[in-house]
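[1] Got a predicted structure plus its sequence, pasted below:
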Amino acid sequence: MDSSSSSFELRKFMAPEFVFGIHAAALAGRYAQNYGARKILLVTDETLRKTTPWVNNLQQGLTDSHLPFVTFDQVSPNPRSAQIMRGAALYAEENCNAIVALGGGSVLDCAKGIGIVASNGGHILEFEGVDQIPCPIPPLICIPTTSGSASEVSQFAIILDENRKTKISIVSKAVVPDIGLLDPELTTTMDPHLTACTGLDALTHAVEAYVSNASSPFTDLHALEAVRLIWASLANTLAEPDNLYFRTQMLKGSLYAGLAFSNAILGATHALSHSLGGRLDLPHGECNAILLGPVIEYNFKACPERFITLGEIMGLPLDSMPEDAAAKLLSKTIETFRCTLGIDHSLRSLNVTASDIALLAANAAADPCLATNPRAMKLQDIEEIYEKAL
Ligand SMILES: [Fe+2]
């Protein structure tokens, strides 16, 4: 029997139903019928609709199930609050009573936002923060086309407040979808850059959940397996983009990372990345990829044994090294990894300048993800990490 104190602490673990495997997406109509759907708002994005068969296949499946639907595809990366309000207006005009979302994290988060406004009224920005949603959202079926955000199983929706130029986090059990349909075939149409960015986002979820001060034995289990899967499969996926085995391993890794971070929350990489992505409208995965190394170096001393375990998965003998050297080596290994995947630039090349840092740091300091970072951060610490990543 485990006699450590953690055995006696109360721990909650929230996970929705999901179906994983080839042809999982084809089950959307059947699940929508089970949830009593009369008319569906199908949320997706224009690029996906024009460049892949997935939207058309889903529409055909809904038609075959005799389910009327209306398609809303005006969703951009870093989904704007105005897009959510337009989607919610369409949902109301068309008398919809269920939502099916097909896309990457931005599409799934936009669908969650539409669901919040559909049930609660008001403006989406009024629901910022933790547990701020009084009424449950309509039935929501999420079908991811990337292996990254894991929004299909998470309690998170991240939305851009375009006036404040910052991303807001909505964290609530109310935004956990009714079901996630995870079909690895749908991730084969990601281009190399999107594959790398989303894969590194998933890796960041797993690492941050594992070292989070809200981690538990239940989140650790998923976080460590996610790191193993992603570390072993991401470079292979880029080398063989049509290899369904590697795509499946990556989608599984993203799912496990999602189950971990949805419950353990995240850390400083995401806090700094949300601020950066909101201010300068940059891709989320790319921001995380650039910030993860410097944040690991900063955090290492807060829980060295946890970082040593992560290092073991990456083949690094960190336990035989002085702490500072181990922190540097792990950070450097992450940097090298992202460079080999084609994310080989710094923040400066994304048009971030030294004069942006004060405001970026102020916004990051207010992000809820910072609360679970394993090491406390002052404003100056945040500024130094941005400077390191410049
Ligand atoms: Fe993320």
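    Now that the structure is in, tell me what you want to look at.
[2] contacts, neighbours, all on C-alpha from now
    Fine.
[3] Now the residue nearest to the spatial centre of the chain. Its backbone dihedrals?
    Ranked by distance to the mean C-alpha position of the chain (Cα atoms, centre = their mean), the top residue is residue 149 at 2.6 Å. Residue 149 adopts backbone torsions of phi -70, psi -30, taken as degrees, to the nearest 10.
[4] Return the residues in contact with the nearest residue to it once chain neighbours are set aside.
    Nearest residue to residue 149, sequence neighbours excluded (Cα to Cα, 6 or more residues apart in numbering): residue 105, at 5.0 Å. Residues in contact with residue 105 (Cα atoms under 8 Å, 6 or more residues apart in numbering) are 144, 146, 148-151.
[5] top of those by neighbour count?
    With neighbours set by other Cα atoms under 10 Å, the maximum within the contacts of residue 105 is found at residue 150, which has 33 neighbours.
[6] ok, the residue nearest to that residue when sequence neighbours are not counted - contacts?
    Nearest-residue entry for residue 150: residue 258, 4.9 Å, with adjacent residues in sequence omitted and distances by Cα to Cα, 6+ apart. Residue 258 is in contact with 149-151, 153-154, 202, 205-206, counting by Cα under 8 Å, 6+ apart.
[7] about what we covered before: quick one: which of the contacts of residue 105 is nearest to residue 316?
    residue 148 (24.7 Å; Cα to Cα).
[8] Does that closest one touch residue 196 like I think?
    No: the pair residue 148 / residue 196 is not scored as a contact, 9.4 Å apart, by Cα atoms under 8 Å.
[9] Against residue 33, how distant is the closest residue to residue 302 other than its chain neighbours?
    Spatially, and ignoring its direct neighbours in sequence, residue 302 is nearest to residue 375 (5.5 Å; Cα to Cα, 6+ apart). Between residue 375 and residue 33 the computed distance is 47 Å (Cα to Cα, to the nearest Å).
[10] neighbour-wise, which of the two wins?
    The neighbour count for residue 375 versus residue 33, taken as other Cα under 10 Å, is higher for residue 375 (20 against 15).
[11] and the more buried one, which of the three is it?
    What DSSP: H, G, I helix; E, B strand; the rest coil gives for residue 375 is coil.
[12] Tell me how far it lies from residue 328.
    On the measure of Cα to Cα, residue 375 and residue 328 end up 17 Å apart.
[13] List the residues that contact the closest residue in space to residue 192 that isn't next to it in sequence.
    Distances taken as Cα to Cα, 6+ apart put residue 238 closest to residue 192, at 6.1 Å, once the chain neighbours are dropped. Residue 238 is in contact with 192, 195-196, 341, counting by Cα under 8 Å, 6+ apart.
[14] burial of residue 71, as a residue count?
    Look at residue 71: counted by other Cα under 10 Å, it has 18 neighbours.
[15] isn't there a strand covering it?
    Yes: remark: residue 71 belongs to a strand, assigned using three-state DSSP.
[16] and it, bridged to which residues?
    residue 42 (DSSP bridges).
[17] Can you give me the pLDDT of it?
    For residue 71, the pLDDT comes out at 98.
[18] Could you measure from the closest residue to residue 133 other than its chain neighbours over to residue 156?
    Sequence neighbours aside, residue 127 is the residue nearest to residue 133 in space, at 6.3 Å (criterion: Cα to Cα, 6+ apart). The gap separating residue 127 from residue 156 is 12 Å, by Cα to Cα.
[19] remind me, longest helix of this structure?
    Criterion DSSP state H: the longest helix present in the chain is helix 217-239.
[20] buried stuff in it?
    Residues 219-220, 222-238 are the ones in helix 217-239 that count as buried (16 or more other Cα atoms under 10 Å).
[21] what about the helices in the stretch 251-390 of the chain?
    Here the stretch 251-390 of the chain has its helices, by DSSP state H, counting those that start in this stretch, at 268-280, 284-299, 304-313, 323-340, 357-365, 379-389.
[22] could I get those helices as TSV with mean pLDDT, distance to residue 92 and mean neighbour count?
    As requested, those are arranged in TSV below (pLDDT from 0 to 100; distance: least, Cα to Cα, whole Å; neighbours: other Cα atoms under 10 Å):
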stretch	mean pLDDT	distance to residue 92	mean neighbour count
helix 268-280	94	28	26
helix 284-299	97	30	25
helix 304-313	98	47	18
helix 323-340	98	43	18
helix 357-365	96	34	20
helix 379-389	97	42	18
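[23] I'd like the ones you listed as TSV, with distance to residue 14 appended.
    Shown next, in TSV, are the helices of the stretch 251-390 of the chain (distance: least, Cα to Cα, whole Å):
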stretch	distance to residue 14
helix 268-280	21
helix 284-299	24
helix 304-313	23
helix 323-340	29
helix 357-365	26
helix 379-389	31
